[in-house]
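Asker: Next input, structure requested:
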Amino acid sequence: MSAQTKRRAGAGLTALLVASLVAMASAKADCESMPGPRVDWNGCDKLKTTLGGMDLTGADLTKAVLARSDLRETNLSEAKLNEADFERAVLDQAKLVKAALIKADFRRARLREADLSGANGGGTDFERADLVGADLSGGSFMKADFSRAVLTGARFKDADLTDANFLRADLTGADLSGANLTKTGFARAVLAKANLAHADLDQTDLYLADLSGAVLDGAKMDTARFCHTIMPDGSTNNKSC
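Answerer: Sure thing, here's the model as predicted:
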């Protein structure tokens, strides 16, 4: 190899190294960006960050870590939150309208009166989360985990909850009217005074569920599993035991 060829190769490697360092610096700079609409915090670590009341509309928080953060009244509408970590975060009255939440982690998070209407939360983990009075109407939460979550007064009107898990969840007074509950699991869940009018309960598991005082007008229940299930009139349904 001639000296000139070596110099050219060396210059090429230097240019590549500089470009890589610039790209790395840019990625780091994104994580240091001020919070605002469409901010790019993809993969950033924002553990225990205070963002209450901020406007993060359309932000990219894919795989970001926001565990134990304060996001009360924060606007995350149409944001990308796929696989983000919100464990034990506080999102009371936050707006997540039409946000992408696929496989996000909201375990033990607090989302009281939060607006998740139209959100896409397929496979999202809400285990033991507090969603009292939250609005999830029209959203898609297929295979989401709501086990042991507190959902009293929550709204799931016309939501797709196919194959979701509500094991031991408290849905007292919740609105599930028109919801798709195909293969949804409500084992040991409390659905007292819940509204399930016109909901699709095809192959829904209601083992030991409490439906006392619930509204079932027009609901499709022919293939639902009833076993030790407390019905709206207080009787016990053992049809599928």
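
Asker: Dump stretch 189-196 to CSV, restricted to CA.
Answerer: Provided in CSV are the C-alpha atoms of stretch 189-196 (Å, rounded to 0.1, in the frame of the first residue of the first chain):
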residue,chain,number,x,y,z
ALA,A,189,-62.7,-9.4,39.9
VAL,A,190,-65.2,-7.0,41.4
LEU,A,191,-67.7,-5.6,38.8
ALA,A,192,-70.3,-4.5,41.2
LYS,A,193,-72.6,-1.9,39.7
ALA,A,194,-70.5,-1.9,36.5
ASN,A,195,-72.1,-1.1,33.2
LEU,A,196,-71.6,-3.9,30.6
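
Asker: For that stretch, give the mean pLDDT please.
Answerer: On average, the pLDDT along stretch 189-196 is 98.

Asker: Show me what that stretch is in contact with.
Answerer: Stretch 189-196 is contacted by residues 166-177, 179, 181, 209-216, 219 when judged by Cβ atoms under 8 Å, 6 or more residues apart in numbering. C-beta here means a position set from N, CA and C on the backbone, and glycine is covered the same way.

Asker: what are the ranges of the strands in the protein?
Answerer: Secondary structure of the chain by DSSP state E: the strands cover 229-230, 236-237.

Asker: Export those as a markdown table, with columns for mean neighbour count.
Answerer: Formatted as a markdown table, the strands of the chain follow (neighbours: other Cβ atoms under 10 Å):
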| stretch | mean neighbour count |
| --- | --- |
| strand 229-230 | 22 |
| strand 236-237 | 15 |
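
Asker: need the ones you listed in CSV with mean pLDDT and distance to Gly52, can you?
Answerer: Shown next, in CSV, are the strands of the chain (pLDDT from 0 to 100; distance: least, Cβ to Cβ, whole Å):
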stretch, mean pLDDT, distance to Gly52
strand 229-230, 98, 40
strand 236-237, 97, 45
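
Asker: wait, which of the ones you listed is closest to Glu78?
Answerer: strand 229-230 (39.0 Å; Cβ to Cβ).

Asker: just checking, what packs against the closest one?
Answerer: Strand 229-230 makes packing contacts with strand 236-237 when contacts are defined by 3 or more Cβ pairs under 8 Å, 6 or more residues apart in numbering; DSSP states H and E.

Asker: Who are the packing partners of the strand it packs on?
Answerer: Using 3+ Cβ pairs under 8 Å, 6+ apart: strand 236-237 touches strand 229-230.

Asker: ok, and what's touching the strand it packs on?
Answerer: Contacts for strand 229-230 (Cβ under 8 Å, 6+ apart): 206-212, 236-238.

Asker: low-confidence ranges in the chain?
Answerer: 1-29 (pLDDT under 70).

Asker: so where do the helices sit in it?
Answerer: Ranges of helices in the chain, per DSSP state H, are 3-31.

Asker: one step back: got a winner among the contacts of strand 229-230 for most neighbours?
Answerer: Counting neighbours by other Cβ atoms under 10 Å, Ala209 leads the contacts of strand 229-230 with 31 neighbours.
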